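Q: sequence and computational prediction follow.
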Amino acid sequence: MRWKNPELLLAGAVLALGVFVIVGTADVTAAASTLGLGPRFFPIIVGSAMIATGVFYVVDVLRGGQGDPEESEDVDPSATSDKKSVALISVIFLAFAVSVDLLGWIIAGALLFFGVSWVLGAENRLRAGALAIVLAVASYLAFVKGLGVTLPGGPLEGLI
Amino acid sequence: MDSFQLLLDGFATAFTPVNLLYALVGVTLGTLVGVLPGIGPAMTVALLLPITFNVPPASAFIMFAGIYYGGMYGGSTTSILLNTPGESSSMITALEGNKMARRGRAAQALATAAIGSFVAGTIATALLVVAAPLVVDFAISFGPEDYFALAILAFTAVSSVLSRSVVRGLASLGIGLVIGLIGIDQQTGQARLTLGIPQLLDGVDVVVVAVGLFALGEVLYVASRLRHGHPEVIPVGRAFMGRSDWARSWRPWLRGTALGFPFGALPGGGAEIPTFLSYSVEKRLAKGREFGEGAIEGVAGPEAANNASAAGTLVPLLTLGLPTSATAAILLAAFQQYGLQPGPQLFDHNPALVWGMIASLFVGNAMLLVLNLPLAPLWARVLHIPRPYLYAGILLFAALGVYALNASWVDLVVLYVLGLIGFAMRRFGLPLAPAVIGLILGPMAEIQLRRALAIGAGDATVLVTSPIAAVLLILSALILGVPLARRLLARRRQVDATA
C-alpha cells in the first residue's frame, strides 16, 4: 500500500487548501456592491480549481506517480533525508525570529549564523563564531548606516 | 517621439555617473550571488530586492537590470567549473562546459559563455527595443477581458510546460494563488483568509514569499541531503579563446540568440526550452563530432540562448505586465513595490524610467563582459566557500531582507512557513515558478475579471466575445488539454497492445 507515502500528505494538503479557501471565505459577506461581483467570487473559483487539482494529485500519487526531486549543486540525490538537520535549523530559525527584537540584530543574527553553520557541519567552531560576528556586524552597519534601514540594536544599542 | 530618440534619452539617463555606479553595483552583486552554488537567477533577484528599498526608482531599476543579467552570467561559471549538476536552466551548459573544463579548456568554455552571453544579450536587447513599441501599440486597445485571458494563458502555460506532470504544476499554481488571496480585498475592503492575524491584513509581501520559497526552502532542502566533502572546483585562469574557438562559436551564438529571444517572450517559455533546443541543434549540426567530450558549440549555443531568453522575457513583462518566468515575476514585484504597473501605460507615463532601464541593459552587458573575462579566477574562488557557511549566510541575508521590510518578527515566522512549503515543493518535485507567477498575477487576474464582468453587467459572455481574449483562452485550453489527451491516447494504445 502507498498510504505511507509522504507525498500523499502534500497532495492531501493541496486538496485541504482548496477546501480551506472555500470554507475560510464563507464569512466574507460582500457588502453586495452594486457593481458586479463580490469578494468571494474569485476565491470560490480558486478553491474549486484547487480541490479538483488536489483530487487528481491524490489519485496520481496513489497510482504510483512521483515528482522529480529538484536538483541543485549541493544536493546529493542518493542521500537519505536528514530530518534531524532540518528540525534543528527550524528550531534555530524560529528562536531567532522570536528573539531578534529583544537581543538585537547583531547578537541574534550572529547566533543564527553560528547555529546553522554548526548544524550543517562547519568543522572549525572558532572560525564559524568569528565569521558569525563579522557578518552580523557588517550587515548591521551596511544596512543601518549605509542603506538607512532600521534594525533593532538590542543591548548593543548606542554602542555601535 | 520614435523609440530611437527615446532610447537615446534612456542612454542619457543610464550614463549619469550615479546610475553607472548603480549599474556596476548591480552587475557585480548579480554575478557574485549568481555564481554561488544553489542560487539561481530567481533567488538572486529575490535576495537582492531589499537593497533597493531606499533607492530612487530609475536607479533601482538600472540596478535590477544589472542584477538580472549578472545572475545569468554568474550561473554559467558555476555550471562550468563545478563538478555537480545544477539547476535546470544552467544544466545544459554543464553538459559540455564541464567536460571542456575537465579537459583543461575551462578558460575557453568560460570565454565562449561570456562573449556569447554578451553577443546574445546585446542583439536580444536591440530586438527588445524594436519589439516593445510594437507590442505596446497593439496592447493599448486591450480590455480587462483580454488581460484576464492573458493571465489565464500565463497560468496554464507555466503550469504545464515547466513540469513533467501537469497536476503538480497546477498544484503549485494553486498554492501561489491562495497566498495571493490573503489580505484585504482591494475592491470591497473585506478581509480574506487572514485567520484573524492582523499582520496578514495587508497580504503576504511578495518579497517574503519569494525569499521564503527560494532561499529558505533551498536551505532546508539542502540541509536534508547535503553533499558532504569538499566541493570539487576546476581551477581556471583568465578566460580567453583562440581563433579556432571563435570560428566555432559565432554561429552557435547567433542560432542560440534566435532561439532564446522568442521563447523567452512566450508564456511558459523561460530559459529551459531554448537552451535545450539550442543544445540539440548544435549537436545535430556538429554531427556528433566531439559532443559528449566537451564541444565548445555545446556551451556557446545554450549560453547565448539563455541570455537572449532573459531579454525576451522583458518584452511581455514591460509591455503587458505579464511575467513568463519566476525571475520575471519577481522583477514585476519590484515594479509594484514602487507603485508602478508595467504595461502600455508605463511606456506612456514613465518613458524615462523604462528607456533608462533598457539602455542600462546594454551598458550592463558590456560591463559584464569586462567583469567576467579577466576576473574568472576570482569568481571561481567563490565556489570554494565551505557549504555550511554559504547556507548559513543565505539564511542570514534572507532573514535580513524580510525583517527590514516591516521590522516585524511575524514576517519571519511567515517566512519560515513559506520556507517549509518551498522545501516540500522541492522534495516532491512541484515546480516553483507557477507558484510565484500565481501569487503575483493572481490578484491582477481577479481585478480584471471583476472589471470585465462589471462592464458586461454580469453577462459572462463578455469574457469570450473579444477576439483576442477568445484566442488566448483557446490557446490555454489547448496547452492544458494536449498533454492530457496525449497521455490518454498512450494509455489506450497500451491497453490495445496488451489486449
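A: That came through, no problem. Numbers count the residues shown, from 1 in each chain, chains lettered A, B, ... in the order given.

Q: please count neighbours and contacts with C-alpha atoms only from this point.
A: Noted.

Q: quick check: what element follows the helix or strand hosting residue B:299 along the chain?
A: Taking DSSP states H and E as the definition, residue B:299 sits inside helix B:297-320. Toward the C-terminal end, the helix or strand that comes next after helix B:297-320 (DSSP H and E) is helix B:326-337.

Q: can you list the helices and strands that the helix holding residue B:299 packs against?
A: Applying 3 or more Cα pairs under 8 Å, 6 or more residues apart in numbering or on different chains; DSSP states H and E, one finds that helix B:297-320 contacts helix B:57-81, helix B:88-100, helix B:106-139, helix B:243-265, helix B:272-285, helix B:326-337, helix B:344-349.

Q: quick check: closest non-adjacent residue to residue 7.
A: Let's take chain A. Take residue A:7 and drop its neighbours on the chain: the residue closest to it by Cα to Cα, 6 or more residues apart in numbering or on different chains is residue B:428, 6.4 Å away.

Q: to clarify, I was referring to chain B.
A: In space, residue B:7 is closest to residue B:355, 5.6 Å off (Cα to Cα, 6+ apart).

Q: what angle separates the strand or helix carrying the one you found from helix B:106-139?
A: Residue B:355 is part of helix B:351-382 when elements are defined by DSSP H and E. Note on geometry: by axes from the mean of the first three to the mean of the last three Cα atoms, to 10 degrees, helix B:351-382 and helix B:106-139 are set 160 degrees apart in direction.

Q: buried residues, helix B:351-382. List them.
A: B:351-369, B:371-373, B:376-377, B:379-380, B:382 (16 or more other Cα atoms under 10 Å in any protein chain shown).

Q: need the next SSE after that helix, C-terminal direction.
A: helix B:387-406.

Q: what mean pLDDT does that following helix get?
A: For helix B:387-406, the mean pLDDT works out to 92.

Q: continuing past it, what's the next helix or strand?
A: helix B:409-427.

Q: domain ranges for chain A?
A: Taking automatic domain parsing as the domain assignment, the ranges for chain A are A:6-62, A:83-156.

Q: what count of nearby residues applies to the residue nearest to residue B:248 when sequence neighbours are not counted?
A: Closest residue to residue B:248 apart from its sequence neighbours, by Cα to Cα, 6+ apart: residue B:297 at 6.5 Å. Number of residues near residue B:297 (other Cα atoms under 10 Å in any protein chain shown) recorded here: 29.

Q: just residue B:144 next, same as before
A: Neighbours around residue B:144, by other Cα under 10 Å: 22.

Q: just the pLDDT for it.
A: For residue B:144, pLDDT reads 92.

Q: that one and chain A, how far apart?
A: According to Cα to the nearest Cα, to the nearest Å, residue B:144 and chain A sit 14 Å apart.

Q: leaving out chain neighbours, which residue sits closest to that residue?
A: Spatial nearest neighbour of residue B:144, excluding adjacent residues (Cα to Cα, 6+ apart): residue B:448 at 4.8 Å.

Q: buried ones in the helix or strand containing residue A:107?
A: Residue A:107 is part of helix A:83-119 when elements are defined by DSSP H and E. The neighbour-count check on helix A:83-119 (16+ other Cα under 10 Å) flags A:85-86, A:88-90, A:92-94, A:96-101, A:103-119 as buried.

Q: which of these are close to chain B?
A: Checking the buried residues of helix A:83-119 against chain B by Cα under 8 Å from any Cα of the partner chain, the ones in range are A:85-86, A:89-90, A:93-94, A:97-98, A:100-101, A:109, A:112-114, A:116-119.

Q: mind checking the backbone torsions on residue B:191?
A: phi -80, psi 140 (degrees, to the nearest 10).

Q: give me the beta-bridge partners of it?
A: Note on residue B:191: beta-bridge partners by DSSP bridges are residue B:184.

Q: was I right to think the residue nearest to residue B:144 contacts residue B:149?
A: No. Contact criterion Cα atoms under 8 Å: residue B:448 and residue B:149 do not qualify, at 9.3 Å.

Q: and the two? Which one has more around it.
A: More crowded of residue B:448 and residue B:149, by other Cα under 10 Å: residue B:149, with 25 against 20.

Q: quick one: which helix or strand includes residue 7?
A: Since you didn't name a chain, this refers to chain A. helix A:6-24.

Q: nope, chain B please
A: Judged by DSSP H and E, residue B:7 forms part of helix B:3-14.

Q: so which bits of that helix are buried?
A: So for helix B:3-14, counting by 16+ other Cα under 10 Å, buried means B:6-7, B:9-14.

Q: quick one: contacts of stretch A:54-66?
A: A:2-3, A:7-8, A:11-16, A:18, B:167-168, B:171, B:428-429 (Cα atoms under 8 Å, 6 or more residues apart in numbering or on different chains).

Q: do the same with stretch A:117-127
A: A:85, A:88-89, A:128, B:223, B:386-389, B:391-392.

Q: CA atoms of it as PDB?
A: Presented in PDB, the C-alpha positions along stretch A:117-127 are these (Å, rounded to 0.1, in the frame of the first residue of the first chain):
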ATOM      1  CA  SER A 117      26.700  26.600  10.100                       C
ATOM      2  CA  TRP A 118      27.300  24.200  13.000                       C
ATOM      3  CA  VAL A 119      24.200  22.100  12.100                       C
ATOM      4  CA  LEU A 120      25.400  21.900   8.500                       C
ATOM      5  CA  GLY A 121      28.800  20.600   9.700                       C
ATOM      6  CA  ALA A 122      31.200  23.500   9.900                       C
ATOM      7  CA  GLU A 123      34.400  22.000  11.200                       C
ATOM      8  CA  ASN A 124      36.000  24.900  12.900                       C
ATOM      9  CA  ARG A 125      33.800  26.300  15.600                       C
ATOM     10  CA  LEU A 126      36.100  29.200  16.300                       C
ATOM     11  CA  ARG A 127      36.200  30.300  12.700                       C
END
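
Q: give me the mean pLDDT for that stretch.
A: 91.

Q: who touches residue 44 in this structure?
A: No chain was given, so I picked chain A. Residue A:44 neighbours (Cα under 8 Å, 6+ apart): A:21-22.

Q: oops, wrong one, chain B.
A: Contacts of residue B:44 (Cα under 8 Å, 6+ apart): B:30, B:33-34, B:67-68, B:71.

Q: in what helix or strand does it lie?
A: Short version, using DSSP H and E: residue B:44 is in helix B:41-48.

Q: still on that earlier bit, closest one of the contacts of residue B:44 to chain A?
A: Chain A has its nearest neighbour among the contacts of residue B:44 in residue B:34, at 12.6 Å by Cα to the nearest Cα.
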